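what follows is a predicted structure for the sequence shown.
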Amino acid sequence: MPRIDRYAFGEIIIDGQTYTSDVIILPDRTISFWWRREGHALDPADLTEVIDAAPKTFIMGCGAYGTLKVPASTRAFLTAKGIELIALPTAQAVVAFNASVGERIACGLHLTC
(Lines give C-alpha, C1' and ligand atoms only; values in the text may rest on other atoms or scores of the structure.)
Protein backbone atom coordinates (compact mmCIF):
# COMPACT_ATOMS: atom_id res chain seq x y z
CA MET A 1 0.00 0.00 0.00
CA PRO A 2 1.39 3.43 -0.87
CA ARG A 3 2.27 5.85 1.94
CA ILE A 4 1.98 9.62 1.90
CA ASP A 5 5.27 11.18 2.98
CA ARG A 6 4.18 14.82 2.99
CA TYR A 7 1.37 17.14 1.90
CA ALA A 8 1.50 20.90 1.38
CA PHE A 9 -0.87 23.12 -0.59
CA GLY A 10 -0.51 22.10 -4.24
CA GLU A 11 2.01 19.31 -3.64
CA ILE A 12 2.07 15.81 -2.24
CA ILE A 13 4.83 13.24 -1.90
CA ILE A 14 3.77 9.60 -2.07
CA ASP A 15 6.42 6.91 -1.62
CA GLY A 16 9.09 9.48 -2.49
CA GLN A 17 7.37 10.62 -5.71
CA THR A 18 6.26 14.28 -5.90
CA TYR A 19 2.89 15.13 -7.46
CA THR A 20 1.55 18.63 -8.14
CA SER A 21 -1.90 17.69 -9.41
CA ASP A 22 -4.79 15.85 -7.80
CA VAL A 23 -4.29 12.12 -7.31
CA ILE A 24 -6.11 8.89 -6.57
CA ILE A 25 -4.25 6.38 -4.42
CA LEU A 26 -5.29 2.77 -4.92
CA PRO A 27 -3.94 -0.26 -3.08
CA ASP A 28 -1.56 -1.07 -5.95
CA ARG A 29 -0.81 2.28 -7.59
CA THR A 30 -1.19 6.05 -7.64
CA ILE A 31 -2.98 7.82 -10.47
CA SER A 32 -1.87 11.40 -11.10
CA PHE A 33 -3.57 14.22 -13.01
CA TRP A 34 -6.99 13.22 -11.64
CA TRP A 35 -9.56 15.54 -13.18
CA ARG A 36 -13.15 15.51 -12.09
CA ARG A 37 -16.10 16.06 -14.40
CA GLU A 38 -17.51 18.81 -12.19
CA GLY A 39 -14.22 20.28 -10.94
CA HIS A 40 -15.10 21.00 -7.31
CA ALA A 41 -17.85 18.39 -6.97
CA LEU A 42 -17.23 14.64 -6.80
CA ASP A 43 -19.33 12.74 -9.32
CA PRO A 44 -19.71 8.94 -9.53
CA ALA A 45 -18.17 9.10 -13.03
CA ASP A 46 -14.94 10.34 -11.39
CA LEU A 47 -14.59 7.13 -9.42
CA THR A 48 -14.22 4.41 -12.07
CA GLU A 49 -10.75 3.33 -10.91
CA VAL A 50 -11.85 3.42 -7.27
CA ILE A 51 -14.87 1.20 -7.95
CA ASP A 52 -12.71 -1.22 -9.96
CA ALA A 53 -10.28 -1.47 -7.01
CA ALA A 54 -13.18 -2.41 -4.68
CA PRO A 55 -11.86 -0.80 -1.50
CA LYS A 56 -13.61 -1.12 1.84
CA THR A 57 -13.17 2.62 2.43
CA PHE A 58 -12.66 5.65 0.20
CA ILE A 59 -11.10 8.70 1.83
CA MET A 60 -11.70 11.94 -0.07
CA GLY A 61 -9.39 14.86 0.63
CA CYS A 62 -11.61 17.81 -0.23
CA GLY A 63 -8.86 20.43 -0.51
CA ALA A 64 -6.97 22.57 1.97
CA TYR A 65 -10.12 24.58 2.68
CA GLY A 66 -12.67 21.86 1.93
CA THR A 67 -13.77 23.44 -1.35
CA LEU A 68 -14.50 20.16 -3.13
CA LYS A 69 -17.99 18.93 -2.28
CA VAL A 70 -19.35 15.39 -2.20
CA PRO A 71 -23.02 15.51 -3.21
CA ALA A 72 -25.58 13.24 -1.57
CA SER A 73 -25.96 11.34 -4.86
CA THR A 74 -22.26 10.44 -4.86
CA ARG A 75 -22.42 9.40 -1.21
CA ALA A 76 -25.40 7.15 -2.03
CA PHE A 77 -23.55 5.70 -5.04
CA LEU A 78 -20.57 4.69 -2.89
CA THR A 79 -22.82 3.26 -0.18
CA ALA A 80 -24.65 1.16 -2.79
CA LYS A 81 -21.25 -0.21 -3.89
CA GLY A 82 -20.47 -1.16 -0.29
CA ILE A 83 -17.76 1.49 0.09
CA GLU A 84 -17.55 3.64 3.20
CA LEU A 85 -16.84 7.30 2.41
CA ILE A 86 -14.76 9.55 4.64
CA ALA A 87 -14.63 13.15 3.34
CA LEU A 88 -12.19 15.50 5.07
CA PRO A 89 -10.00 18.50 4.32
CA THR A 90 -6.92 17.15 2.55
CA ALA A 91 -4.46 17.51 5.46
CA GLN A 92 -6.81 15.47 7.69
CA ALA A 93 -7.44 12.95 4.89
CA VAL A 94 -3.68 12.37 4.63
CA VAL A 95 -3.51 11.58 8.36
CA ALA A 96 -6.51 9.25 8.10
CA PHE A 97 -5.04 7.48 5.07
CA ASN A 98 -1.65 6.92 6.70
CA ALA A 99 -3.34 5.62 9.87
CA SER A 100 -5.30 2.99 7.94
CA VAL A 101 -2.48 0.49 7.57
CA GLY A 102 -3.71 -3.01 6.74
CA GLU A 103 -7.11 -1.96 5.43
CA ARG A 104 -8.21 -2.14 1.79
CA ILE A 105 -8.50 1.57 1.17
CA ALA A 106 -8.47 4.10 -1.65
CA CYS A 107 -7.96 7.81 -1.41
CA GLY A 108 -8.68 10.79 -3.66
CA LEU A 109 -6.84 14.01 -2.90
CA HIS A 110 -7.60 17.53 -4.09
CA LEU A 111 -4.29 19.29 -3.49
CA THR A 112 -5.30 22.94 -3.60
CA CYS A 113 -8.36 24.89 -2.49
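Happy to help now that I have it. Numbers count the residues shown, from 1 in each chain.

now Arg6, which residues is it bridged with?
Beta bridges link Arg6 to Ile13 when assigned by DSSP bridges.

ok now the one helix or strand Asn98 maps to, how far from the chain's centre?
Using DSSP states H and E, Asn98 sits in helix 90-99. Offset of helix 90-99 from its chain centre (CA atoms, centre = their mean, to the nearest Å): 10 Å.

which residues touch that helix?
Here helix 90-99 makes contact (CB atoms under 8 Å, 6 or more residues apart in numbering) with 3-4, 7, 12, 25, 59-64, 86-88, 105, 107, 109-111. C-beta: built from backbone N, CA, C; applies to glycine.

try 10 Å
1-9, 12, 14, 22, 25, 57, 59-68, 86-88, 103, 105-113 (CB atoms under 10 Å, 6 or more residues apart in numbering).

for it, buried residues please.
Neighbour-count burial for helix 90-99 flags Thr90, Ala93, Val94, Phe97 (criterion: 16 or more other CB atoms under 10 Å).

same thing with stretch 100-113?
Under the neighbour-count criterion of 16+ other CB under 10 Å, stretch 100-113 has Ser100, Ile105, Ala106, Cys107, Gly108, Leu109, His110, Leu111 buried.
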